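Asker: Structure of the sequence below:
(one chain, ligands or ions: 4)
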Amino acid sequence: MASGGGDYKSPKSVFNQVLLINDGSGNFAHSTSLIPSLTFNASTAEAVDFNDDGLMDIFLGGGVVPGQYPQAHNSMLLQNIGERLVDVSETLFPNLENIGIVTDVKWHDMDNDGDLDLVVAGHYKPIEIFLNEGQYFQQLTTSLENKLGWFNTIEINDFNKDGYPDILAGNFGSNNLYKVSEERPLTLLAKDFDSNGSIDPVLFAYYKNEEGGYSNYPVAFWGDVSKQSPLFRGKFNFYSEYGKTDIESLFTEEELKGVLKYFMNFDRSVLMLNTGNMDFEPIDLPLEAQLGPINDFLVLDLNQDGNLDIMAVGNNYGNEVFVGHLDALNGLVLLGDGSGGFKVVKNAQSGFNVPFDAKRLVRLKIGSGKDLFIASQNRDTLMVYTKN
Ligand SMILES: [Ca+2]
Ligand SMILES: [Ca+2]
Ligand SMILES: [Ca+2]
Ligand SMILES: [Ca+2]
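Answerer: Ligands and ions are numbered 1, 2, ... in the order given. Prediction:
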C-alpha cells in the first residue's frame, strides 16, 4: 500500500510505507519486518514477480516531495529475497534515481521475450518503457520520448488485436487554454527564489503577444503569484504591468541561476498503438475524453462484441499547479472498434456518470456473478454502478 500526500505538515506516519499480509482467509496483518522502513510520499505501489522466482516483489513510485513541487522522491524496486524485501534500485535499476514524478506504472511483457517489463507514466515526462534484461533494466528508445505530458494513468492491452501490446494513456486532456505543442510547451520554472526553504514553482504558457507573435507568460493570476512569495509581490505595482510580463522580464538573470526547468508539450489522452517494431503511434481518444484530466481507466469488453472498450474517470479539484478546478469530465464509456478507434456512449445513454473529482475506478465481481463498477471521488461519495 503506497502512502503519502502533498502536504508537508501531515504527521510523519502518513508517509510510512505499509505492507499488509493476507493470511489467506481475508485477515490482514501489518508487517514491519518484511520491508525496510521507508518514509516518503509514494504515488503508487505495484506488486510483481519481476524476476520470476515465485516471490512477489514491489515497485514503489515516487511522488512529489512535499513543499518542493515539482521535485520527486526516487522511485524504488524492492526485491523479495525470501525473508524480506530489499531495495535493489541502485544495482538493477539506476534510472529510477532521475525518473521524476511517477503517477502510474504497469508491468507487462512489452518485447515478448517472456519476462515482465516496466511502463512508467508521470508528469513533465514521456511514457517510458524499461525492458527487463535479467541483470538490469534497459530503457527502450521510442518516438514517444519527445511527448512530455501530465500523464496520470496507463493501461496496457492489445486494442487492435495485432498481437502487440498497446499503451492507453490518460493525460491532462486537450481541452485547455494553453494549446501546447513541441514549439510552445508549458514551462515550469522551479527554484527556492526567496530562500525560505520551499520551492516556488512558476508555470508559463505561450499566448499571443501584442505584436502578433507568441510570448511565454505566467499562467497564474497576479494575486496567486504574489501570495506565493514576497519576492514576486515586490516586482509590480499594477496588474497591467504583470499582464505584460513574460518569462524573460519576470526574473533577473541572477534569479534564474540554478533554476530547474520542466516542460509539458503533449496534453492529449491517447491510445499509443504498437507499430510492431518497438515503436508507438499515438491516436487521440475522442473529444469527450479530452475535456479534463483522466485519472483512471478500466479496460474491458463491455458490450461483448470481442473488441476492448474503455471506462474512465477524471477531473482535478485540488491542484498543486495553479490551473484551478478542472471538472468538465463526467465519466466516460468508449466502445472500441477493434482497430484502435472508439465511439463515445453519452452519459445519459450509458447511465455512467461520475461528475466530481474522481480518482479511481475499479471492477468488483460479486457473488451473483454481477460486476460492480466503483468510482472513488476525492472528499466525496463512492459511486457504484452495475451493468444491466
Ligand atoms: Ca521475485
Ligand atoms: Ca520482456
Ligand atoms: Ca496492438
Ligand atoms: Ca466491446
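Asker: Please name the residues that touch Asn265.
Answerer: 146-148, 180-182, 184-186 (Cβ atoms under 8 Å, 6 or more residues apart in numbering). In this view, the C-beta of every residue, glycine as well, is placed from N, C-alpha and C.
Asker: To clarify, my last question referred to Phe193.
Answerer: 200, 229, 231-232, 251, 255.
Asker: quick check, Glu145 in a helix?
Answerer: Yes: Glu145 sits within a helix when classified using DSSP: H, G, I helix; E, B strand; the rest coil.
Asker: if I read this right, it contacts Pro126, doesn't it?
Answerer: Yes: taking Cβ atoms under 8 Å as the definition, Glu145 is a contact partner of Pro126 at 4.8 Å.
Asker: quick revisit: the contacts of Asn265, buried ones only, as a ChimeraX selection?
Answerer: This is how ChimeraX selects the buried members of these, with burial counted by 16 or more other Cβ atoms under 10 Å:
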select :147,148,180,185,186
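Asker: nearest to Tyr385, of the contacts of Asn265?
Answerer: Proximity of the contacts of Asn265 to Tyr385 (Cβ to Cβ) peaks at Lys147, which lies at 32.7 Å.
Asker: Not counting its neighbours along the chain, what's nearest that closest one?
Answerer: Phe266 (3.9 Å; Cβ to Cβ, 6 or more residues apart in numbering).
Asker: Up against ligand 3, what does the protein have?
Answerer: 158, 160, 162, 164, 166, 274 (Cβ under 5 Å from the ion).
Asker: hang on, the earlier thing: which among the contacts of Phe193 end up buried?
Answerer: Looks like the contacts of Phe193 have 200, 229, 231-232, 251 buried, using 16+ other Cβ under 10 Å.
Asker: Widest-spaced pair of these?
Answerer: Ser229 and Phe251 (12.0 Å).
Asker: sorry, back to before: the contacts of Phe193 in helices, which ones?
Answerer: Secondary structure defined by DSSP state H assigns 231-232, 255 of those to helices.
Asker: ok, now which ones touch the most centrally placed residue in the chain?
Answerer: Among the residues of the chain, the one closest to the centroid is Asn152, at 2.4 Å (Cα atoms, centre = their mean). Going by Cβ under 8 Å, 6+ apart, Asn152 touches 103-104, 121, 170-171, 293-296, 314.
Asker: Need those residues in a markdown table (columns: distance to Val259, pLDDT and neighbour count).
Answerer: Shown next, in a markdown table, are these (distance: Cβ to Cβ, whole Å; pLDDT from 0 to 100; neighbours: other Cβ atoms under 10 Å):
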| residue | distance to Val259 | pLDDT | neighbour count |
| --- | --- | --- | --- |
| Thr103 | 24 | 95 | 21 |
| Asp104 | 28 | 96 | 23 |
| Ala121 | 26 | 97 | 26 |
| Gly170 | 30 | 98 | 28 |
| Asn171 | 26 | 98 | 28 |
| Pro293 | 26 | 95 | 24 |
| Ile294 | 31 | 97 | 27 |
| Asn295 | 30 | 96 | 24 |
| Asp296 | 33 | 96 | 20 |
| Gly314 | 31 | 89 | 31 |
